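>>> next input, structure requested:
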Amino acid sequence: MFGLITVTVGIVLVGYLIVKKYYAPWALLLVGLLMLLAVGLFTNVPLVTGKKVTHSMLLDVVQVVTNLSSSTLAGLGLQIMVISGLADYLDKIGATKSFVKVCSKPLYYIHSPYTLLAISYLVGQFINIFIPSAVGLGVLLMLTVYPLLMAVGVSRVSAAAVIVTASCLDLGPASANSIVTSKLLGISAMEYFLEGQLLIGVIAAAVIAVSHGLLQRYFDKKDLASGRLSEDDFKMRSELMAAGAKDKQPDAPRFYAILPVLPIVFLFIFSKFCYTGVRLELITCMFLCMIITFLVDLLTKRTFKECVANTKSIFQGMGRVFTSTVSLIICALVFAEGLKLSGGITTIIGWAASMQNTAGVVMLIVMCTLLAFASILTGSANAAFFAFNSLLPHAAKAVNWDLIVMACPVQLVSGIGRSMSPIAGVTIAVSSIAELSSFEVVRRTIPVMAIGMITVVLSSLILL
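Model prediction:
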């Protein structure tokens, strides 16, 4: 009973603080520390074991933060920072913009409004494999795809809804959630992408694309007839032009579009799927791509000082993602540690595992519901997944399932949940450019994402 009460109070308290717009990392950390303190005071469960024990309960509470910080920064944290550093460098020299333009060009030959809208989602989801930032991708698509959708007669709320969901499946080896899941499975991020995510992702993306085309058309007609939308809602807004004027990414040669693809190419070539004679770690791959990108930029521009100056964005990107993502990971891990040590999560998992004949399905639904709710509440797929991913091995073992069958759909659902959140960064960014309320946008994303969530769960049960 103590565990269930602690978990309930902890989740409600974190939810309240985040809804009230308290700083999410500190809210997670503070509630996590309070739960650890409660465990130390009212149970005999050790907070720290082994050589790290401080022999003081109060200091053990803080030692948990130290242990989680050191292990995270040396592994996952460094991977995420290096990926972000390369992404910011590619932004700085205009390679990301070139890549999006090249990928978006075929859309100009499609003139059916809602067919174009559905295919635009697929293009955005494909680009997301190479550009794992939901906000960054959303803004770029607003500058390239959004005007095209408006030009063929799609409403601005439908266009915004599609762009918000372009990164909903969180696919690819560069995704932070994918890296975490691959570590749980004991395989490389590329192996997880190809053996777990890819087939489920393709099926889910196809269903989501069709759902967008049908549902957004239905909503546009219904809202236009009811007066919720007017003819002005099918016209371009001046704010988008202003956003385009503020775009800091320079124009770059078209061949720069190959640079964002290089990490995926190298990780595939030097893997069990192609050539195993060379072992290539993710971080090594990212540093290699940085060097190649610098050399390409130098040979193209032939201005050594400017090219060297542009590399500053690598380290600025690493620092930026530490404050925005890595810190959130560490605080979410402390919160998750409090949940686990309280015993409440173990009780919930035990209840789900006790369901005769349907234990595995019930467990999967419980975990997916938990992750979806957490993603919607926090507006972050990372915060939700980092807080609860360590529960997945225990949940899978409790129902005698392969871990990938449990982990893959839960990881994908966390990204889908973010696309249903009105406080997600990508929702707020896209909504503000389109001059819309974020709640108006998620009114359009929620039905499509619900269908996507069901598709992910069912296809995982059938195919994994």
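
>>> for residue 420, grab phi and psi.
phi -100, psi 0 (degrees, to the nearest 10).

>>> that one contacts residue 447, correct?
No. At 9.6 Å, residue 420 does not count as touching residue 447 under the criterion of CB atoms under 8 Å. Using the backbone N, CA and C atoms, a C-beta is placed for each residue, glycine as well.

>>> who has more neighbours, these two?
residue 420 (24 against 17; other CB atoms under 10 Å).

>>> OK, contacts around the more buried one?
372, 375, 376, 442, 445, 446, 449, 450 (CB atoms under 8 Å, 6 or more residues apart in numbering).

>>> let's see that with 10 Å instead.
By CB atoms under 10 Å, 6 or more residues apart in numbering, the contact set of residue 420 is 164-165, 168, 372, 375-376, 379, 427, 442, 445-450, 452-453.

>>> and those, which of them are buried?
Neighbour counting by 16 or more other CB atoms under 10 Å classes 164-165, 168, 372, 375-376, 379, 427, 442, 445-449, 452-453 among the contacts of residue 420 as buried.

>>> now, which of the residues you listed lie within strands?
With strands taken from DSSP state E, there is no overlap with the buried ones among the contacts of residue 420.

>>> which two among the residues you listed are spaced furthest apart?
379 and 447 (19.0 Å; CB to CB).

>>> which parts of stretch 186-194 are buried?
187, 188, 189, 190, 191, 192, 193, 194.

>>> so residue 401 makes contact with residue 367?
No. The criterion here is CB atoms under 10 Å, and residue 401 misses it with residue 367 at 11.0 Å.

>>> now the helices: where do they sit in the stretch 201-350 of the chain?
Ranges of helices in the stretch 201-350 of the chain, per DSSP state H, counting those that start in this stretch, are 238-245, 262-269, 282-301, 304-310, 312-321, 327-342, 344-353.

>>> quick check: mean pLDDT across the first one?
Computed over helix 238-245, the mean pLDDT rounds to 47.

>>> before we move on, the earlier item: closest to residue 228 among the buried residues of stretch 186-194?
residue 193 (40.2 Å).

>>> low pLDDT regions in the chain?
236-249, 356-357 (pLDDT under 70).

>>> got the buried residues for the helix or strand hosting residue 38?
Using DSSP states H and E, the element containing residue 38 is helix 24-42. The neighbour-count check on helix 24-42 (16+ other CB under 10 Å) flags 24-25, 27-40 as buried.

>>> helices or strands next to that helix in the packing?
The contact analysis (3 or more CB pairs under 10 Å, 6 or more residues apart in numbering; DSSP states H and E) places helix 24-42 against helix 2-19, helix 57-72, helix 327-342, helix 359-378, helix 381-388.

>>> one more time with 6 Å, if that's ok
Under the contact definition 3 or more CB pairs under 6 Å, 6 or more residues apart in numbering; DSSP states H and E, helix 24-42 sits against helix 2-19, helix 57-72, helix 327-342.

>>> and it with helix 344-353, angle?
On the basis of axes from the mean of the first three to the mean of the last three CA atoms, to 10 degrees, helix 24-42 is oriented at 90 degrees to helix 344-353.

>>> which residues are in contact with helix 24-42?
6, 10, 13-14, 17-18, 45, 47, 57, 61, 64, 327-328, 331-332, 334-335, 338, 341-342, 378 (CB atoms under 6 Å, 6 or more residues apart in numbering).

>>> before we move on, what about stretch 76-94?
Under CB under 6 Å, 6+ apart, the answer for stretch 76-94 is 96, 174, 176, 179, 249-252, 259-260, 282-283, 286, 289-290, 297, 310, 313-314, 317-318, 321-322, 325-326.

>>> contacting residues around residue 289?
86, 262, 263.

>>> which of those count as buried?
86, 262, 263.

>>> distance check, the closest residue to residue 393 other than its chain neighbours against residue 354.
Among residues not flanking residue 393 along the chain, residue 403 sits closest, at 5.9 Å (CB to CB, 6 or more residues apart in numbering). In this view, residue 403 and residue 354 are 20 Å apart by CB to CB, to the nearest Å.

>>> could you do residue 276 as well?
43 Å.

>>> repeat that for residue 457.
Counting by CB to CB - residue 457 and residue 354 are separated by 21 Å.

>>> and those two? which has more neighbours close in?
For residue 457 versus residue 354, neighbours defined as other CB under 10 Å are more numerous around residue 457 (20 against 11).

>>> show me what contacts that one?
Contacts of residue 457 by CB under 6 Å, 6+ apart are residue 409.

>>> what helix or strand is it on?
helix 438-463.

>>> and the residue nearest to residue 393, how many neighbours?
Neighbours around residue 403, by other CB under 10 Å: 16.

>>> surely it touches residue 395?
No. Using CB atoms under 6 Å, residue 403 makes no contact with residue 395, being 9.1 Å away.

>>> okay if I get the helices of the stretch 201-350 of the chain as a markdown table plus distance to residue 116?
Output for those, formatted as a markdown table (distance: least, CB to CB, whole Å):
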| stretch | distance to residue 116 |
| --- | --- |
| helix 238-245 | 17 |
| helix 262-269 | 26 |
| helix 282-301 | 32 |
| helix 304-310 | 35 |
| helix 312-321 | 33 |
| helix 327-342 | 36 |
| helix 344-353 | 43 |
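
>>> buried deepest among the ones you listed, which one?
The highest average neighbour count among the helices of the stretch 201-350 of the chain, using mean count of other CB atoms under 10 Å, belongs to helix 327-342 at a mean of 24.

>>> tell me what angle it forms with helix 24-42.
Going by the same axes, to 10 degrees, helix 327-342 makes 20 degrees with helix 24-42.

>>> got the buried residues for stretch 426-441?
Buried residues in stretch 426-441, counting neighbours by 16+ other CB under 10 Å, are found at 426, 427, 428, 429, 430, 431, 433, 434, 436, 438, 440, 441.

>>> quick revisit: now do the helix holding residue 457 against helix 359-378, angle only.
Going by the same axes, to 10 degrees, helix 438-463 makes 160 degrees with helix 359-378.
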